[in-house]
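Novice: Structure of the sequence below:
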Amino acid sequence: MPATSPATRFRHLHTQGLLRLANAWDAGTARLIEHLGAPAVATTSAGLAWSQGWPDGDALDLDALLHAVGGIARVVTVPLTVDVEGGYSDDPAIVADTVLRVVRAGAAGINLEDGAGDPDLLAAKIRAIRHACAAQGLDVFINARTDVYLRGLVPDTARIGETLARAARYRVAGADGLFVPGLVDADGIRAVAAGIGLPLNLMLRPQLQDLAALEALGVRRISAGSALAESMYGRLAEQVETFLRADVTPLPDPQAMGYGAINRLFG
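Specialist: Okay, here's the model as predicted:
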């Protein structure tokens, strides 16, 4: 019997309660997340871009992205989903080619966002990806991200309706899931989850700490986004500042994981 594809395994994870995705930004963090029991690994576009020396926001060099994805895929065995932002182009054919390269580098899924653009453009990108993958005998889980809430694209009273309308476009185009960062109120979550016909993905926010409640509302996936990377940078900045400026430094850090434990992750 042929092995189940990573994309199929990843789809199945969206049917088993609430999928928690701790977002990695390089091979080391991805391996650590897998080691701690994560059933899948996601990248954060921001954290990955920062780790490669680029800003977030469709600015990352494609070769740098592919190198990073290949490095992560080399050290993890669980499905990997990669945030490709807006696909780094407004041309659906170019986006589809980029996604093919990301899938060949080891991705089972992608996040693809509409941002402030025309939702019909994102739908066209999704269709192009589906056709390109089918032509190559490849599969990928497409998580369509809409920024209706995150960017406040419409008035508050119209956000649910606009999100549902975009979800319908993206579902028909071939999306497997819908990511709605910025959606935090229970009534809105319940309405969107019930109306989109796709697994609902939210981004972790202070208002969304009760994960059991989110699952009960119909959420099927929760992502940490760039929060872990931001925390790491903040912690590192604090320690480096102390080391460079203070007369007395607490380094080495007694809370550190330790050289041996980290090295064994890659043995």
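Novice: Send me stretch 207-214 as CSV with only the CA atoms.
Specialist: Extracted in CSV, the C-alpha atoms of stretch 207-214 (Å, rounded to 0.1, in the frame of the first residue of the first chain):
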residue,chain,number,x,y,z
GLN,A,207,-8.2,37.3,23.9
LEU,A,208,-7.9,33.7,22.6
GLN,A,209,-6.1,31.9,25.5
ASP,A,210,-8.9,29.4,26.2
LEU,A,211,-8.2,26.9,23.5
ALA,A,212,-10.9,24.5,24.6
ALA,A,213,-13.4,27.3,24.1
LEU,A,214,-12.1,28.0,20.6
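Novice: buried stuff in that stretch?
Specialist: Within stretch 207-214, the residues that qualify as buried are 208, 214, counting by 16 or more other Cβ atoms under 10 Å. For glycine as for every other residue, the C-beta is placed from the backbone atoms N, C-alpha and C.
Novice: Just the residues contacting that stretch, thanks.
Specialist: Counting by Cβ atoms under 8 Å, 6 or more residues apart in numbering, the neighbours of stretch 207-214 from elsewhere in the structure are 18, 20, 184-186, 189, 202, 222.
Novice: any idea of the mean pLDDT in that stretch?
Specialist: Stretch 207-214 shows a mean pLDDT of 97 in the predicted model.
Novice: Ok, stretch 165-174 next?
Specialist: Regarding stretch 165-174, the rounded mean pLDDT is 98.
Novice: Same question for stretch 218-229.
Specialist: pLDDT averaged over stretch 218-229 equals 98, rounded to a whole number.
Novice: Give me the distance from whichever strand or helix holds residue 242 to the chain's centre.
Specialist: Counting by DSSP states H and E, the element that carries residue 242 is helix 227-245. Once both centres are worked out by Cα atoms, centre = their mean, to the nearest Å, helix 227-245 turns out to sit 23 Å from its chain's centre.
Novice: List of residues touching that helix?
Specialist: Contacts with helix 227-245, where a contact means Cβ under 8 Å, 6+ apart, come from 22-23, 25, 29, 44, 46-47, 50-51, 204, 249-251, 253.
Novice: and the closest residue to residue 251 other than its chain neighbours, how many neighbours?
Specialist: The shortest distance from residue 251 to any residue other than its chain neighbours is 5.6 Å, reached at residue 243 (Cβ to Cβ, 6 or more residues apart in numbering). Neighbours of residue 243 under the rule other Cβ atoms under 10 Å: 11.
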